[in-house]
Structures are given as C-alpha cells and as structure tokens.
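# After the sequence you'll find the predicted model.
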Amino acid sequence: MRLWVCIALLSIVLCASADRPAVVQAMVRAGHFVRDAVGGAGDMFRAYRDMREANYKGADKYFHARGNYDAARRGPGGAWAAKVIRWPFLLPHSDARENWQSSVSGRGAEDTRADQEANAWGRGGGDPNRYRPAGLPRKY
C-alpha cells in the first residue's frame, strides 16, 4: 500500500514539474492576454467614468493619461486595449470623431492632438500626474 502511495506521489510530482506542450503554453498565454485586455478596458472605462464624475475643467488629459497608464501596466493585453480604445466614447478613433469635435463640440483638432499625446504618455509608462490640474480632488 505504501509503495502505491509513493508511486502516486512521485507521478504527481513528475507530471507537475514536466514542461507543458507548446499548444497548452500558447493557450495559457492567450488567456493571459485576454484577461489583461479585459482588465485594461475596465481601467479605461474607470478613468472615463471618473472624468465624467469629476467634471473638472482641464482634467481630461489627466484622465486620458491615467486610463492608458493603468491599462498598459497590466501587460501586453492591457497595452493593446489602451491602444485600441479611444476617447471620449471608448470607440475606435476616426475622422468622424475629429469632425464631430471640431464642428459640434468646438474643441477642434488641437484638443484631439493633445488628448492623443496624453494617451501615448500614459501608455508609455509616463506618470499621469504630469497632466493633473491643480485643485483636482485627491479622490481621483
């Protein structure tokens, strides 16, 4: 009986320490990528929600940088999500959005360029506080 227990334990140890097949490793990496991407999208949404809640003039660049920074820190999937997801509606960037900003919102292409700069700063690991306006509540 003890011999069989020893054999079973040895088998478990050997199986646990054996290398996984390449297919399984690829599936695990894909799962991590998807997990990071979903988490990164959540980080971007949280920053967008906080921006809307704060409603603080001049703070949008900070929230752009913060959302991208948090997402990119999650790993390759989060960095991918930060690159793909754009503001203000969390939709892909397009000429239609730029036209909307310049004609309807009155913010124009210069504001769009500054937003994209803040996005790139955050994605690159830069400190989002570079864009933090004075007086923004510490909650954010």
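Ah, there it is.
# And the helices in the chain?
Secondary structure of the chain (DSSP state H): helices at 2-17, 22-54, 60-72, 76-84, 95-100, 108-123.
# just these: most buried one?
Across the helices of the chain, averaging neighbours per residue (mean count of other C-beta atoms under 10 Å) puts helix 60-72 on top, at a mean of 26. C-beta: built from backbone N, CA, C; applies to glycine.
# which residues are contacting it?
By C-beta atoms under 8 Å, 6 or more residues apart in numbering, the list of residues contacting helix 60-72 from outside reads 39-41, 43-44, 46-48, 50-51, 54, 78-79, 81-82, 85, 87, 114-115, 117-133, 136, 140.
# just how off-centre is it within its chain?
8 Å (C-alpha atoms, centre = their mean, to the nearest Å).
# where's the spatially most central residue of the chain relative to Ala37, distance?
Geometric centre of the chain, nearest residue: Ala71, 1.9 Å, by C-alpha atoms, centre = their mean. Separation of Ala71 from Ala37 (C-beta to C-beta, to the nearest Å): 9 Å.
# what does Pro21 give?
24 Å.
# Likewise for Asp50?
Applying C-beta to C-beta, one obtains 20 Å for the distance of Asp50 from Ala37.
# same question, Ala54
26 Å.
# same question, Arg123
With C-beta to C-beta as the criterion, Arg123 and Ala37 are 14 Å apart.
# ok, now Pro133?
Shown here: Pro133 relative to Ala37, a distance of 30 Å by C-beta to C-beta.
# got it, and Glu53?
Distance from Glu53 to Ala37, by C-beta to C-beta: 24 Å.
# Show me the shaky parts of the protein.
1, 3, 5-18, 87-107 (pLDDT under 70).
# 90 - rerun?
1-22, 84-113, 115-116 (pLDDT under 90).
# What separation do you get for the closest residue to Trp121 other than its chain neighbours and His32?
Spatial nearest neighbour of Trp121, chain neighbours left out: Ala65 (5.2 Å); criterion: C-beta to C-beta, 6 or more residues apart in numbering. Ala65 sits 25 Å away from His32 when distances are taken as C-beta to C-beta.
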